[in-house]
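*Asks:* just a sequence and a predicted model for now, questions to come.
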Amino acid sequence: MLFLVGTGLSYYDISVGAAEACKGCAAVFIDTYTSFIDDAKIGALTRIIGKEIGKLKREDMEDKARELVEGARSKDIAVLTGGDPLVATTHKILFIEAKRAKVEVKVYHSSNIMTSAIGESGLDFYRFGAVCTIPRWTANYKPLSFYETIEKNSRQNNHSLILLDYDQEGESTISVKEAVARLEDAEKSYNMGIISNDKRLIIMKNLGLEGESVKFITVKAAKEDSNKGMAAIILPAEISAVEKETMQGMQIGD
């Protein structure tokens with residue numbers, strides 16, 4: 001059997017059921033490609049599970065998915081992921097490969113950036129529109145289409161959760177400063193009046209980890225945040241009275 005196990009955002013978000021399942025596995029691996037998993041988290045999980053945890057890199061997740069599945073045909077294998085399984089396309093492919101091979105799969109869910117960011121923002125879950133991601137630009141790859149999702153959400157008076165591309169080498173998402181620069185580039189291109197210096201954003205850093213922060217600041221202020229870390233941005237639509245009071249209670253609103 002193949003176990004897909006979410007380990008959540010913090011070091012100790014793995015469920016009791018998932019930990020017990022891992023203890024009975026012949027092999028336990030953790031995906032270090034799709035999200036940042038530091039050695040401290042691996043150490044904590046090793047102590048909880050009581051087994052050595054092998055690291056899976058990009059080539060393992062992309063090119064050796066079938067090998068993992070074939071191994072799970074004759075013995076129980078667990079693949080741990082940051083956040084929640086089946087959110088990342090990489091894990092969906094592993095799930096599909098197992099199903100095609102008629103290998104049994106058990107999924108254990110955990111906390112993830114999307115539900116945690118919405119919860120920590122104080123905003124109403126039902127008022128969020130589609131999620132988008134600001135990608136890391138390269139010399140030949142400079143997309144701005146994420147703005148179309150933000151514009152549609154804004155037009156419908158829905159909040160936008162904006163994920164930031166993960167830089168595996170830097171063990172961080174792109175910085176808030178870089179993300180805001182991309183938002184301004186998109187505004188110049190589309191010219192829909194959504195992004196301006198005085199527009200306020202909710203900036204979330206390292207949720208579930210020591211030193212996490214949630215700030216409600218202007219675009220102008222966000223331009224100064226070049227620190228590395230795992231970040232996400234929320235662009236609020238019109239904030240309701242209940243949302244405003246919740247934000248104040250969480251000390252992130254005026």
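*Replies:* Okay, I see it.

*Asks:* thinking residue 136 is in contact with residue 172, fair?
*Replies:* No. The pair residue 136 / residue 172 is not scored as a contact, 10.5 Å apart, by Cβ atoms under 8 Å. C-beta coordinates here come from the backbone N, C-alpha and C atoms, glycine included.

*Asks:* name the residues contacting each of the two.
*Replies:* With contacts taken as Cβ atoms under 8 Å, 6 or more residues apart in numbering, not a single residue reaches both residue 136 and residue 172.

*Asks:* in the host helix or strand of residue 160, what counts as buried?
*Replies:* If you go by DSSP states H and E, residue 160 is part of strand 160-164. By 16 or more other Cβ atoms under 10 Å, the buried positions in strand 160-164 come out as 160-164.

*Asks:* how about stretch 116-125?
*Replies:* So stretch 116-125, judged by 16+ other Cβ under 10 Å, has buried residues 116-118, 120-123.

*Asks:* ok, back up a step: quick one: strands adjacent to the strand holding residue 160?
*Replies:* Its sheet considered, strand 160-164 pairs with strand 132-134 (parallel), strand 231-235 (antiparallel) by DSSP bridges.

*Asks:* out of those, deepest packed?
*Replies:* strand 231-235 (a mean of 23; mean count of other Cβ atoms under 10 Å).

*Asks:* residues touching that strand, excluding its own?
*Replies:* Contacts for strand 231-235 (Cβ under 8 Å, 6+ apart): 113, 117-118, 121, 123, 134, 150, 153-154, 159-164, 173-176, 179, 194, 199, 201-207, 222.

*Asks:* C-terminal to the longest helix seen in the chain, what's the next element?
*Replies:* Counting by DSSP state H, the longest helix found in the chain is helix 176-190. Using DSSP H and E, the helix or strand that follows helix 176-190 towards the C-terminus is strand 200-205.

*Asks:* what about the next helix or strand along the chain from that next one, distance to the chain center?
*Replies:* With elements assigned by DSSP H and E, the helix or strand that comes after strand 200-205 is strand 213-218. Distance of strand 213-218 from its chain centroid, counting by Cα atoms, centre = their mean, to the nearest Å, is 18 Å.

*Asks:* repeat that for stretch 52-68.
*Replies:* 20 Å.

*Asks:* quote the end-to-end distance of that stretch.
*Replies:* Distance between the two ends of stretch 52-68: 17 Å, counting by Cα to Cα, to the nearest Å.

*Asks:* ok, and what's touching that stretch?
*Replies:* 2, 27-34, 42, 45-46, 77, 79-80, 90, 93-94, 97, 101, 168.

*Asks:* could you tell me which of these belong to helices?
*Replies:* 42, 45-46, 90, 93-94, 97.

*Asks:* now, of those, which are buried?
*Replies:* Buried, going by 16+ other Cβ under 10 Å: 42, 45, 90, 94, 97, out of the ones in helices among the contacts of stretch 52-68.

*Asks:* ok, the first one - contacts?
*Replies:* When you say that, I think you mean residue 42. So residue 42 contacts 30, 53, 55 (Cβ under 8 Å, 6+ apart).

*Asks:* and if you look at the fourth one?
*Replies:* Contacts were defined as Cβ under 8 Å, 6+ apart; by that measure residue 94 touches 2, 4, 61, 65, 68-69, 79.
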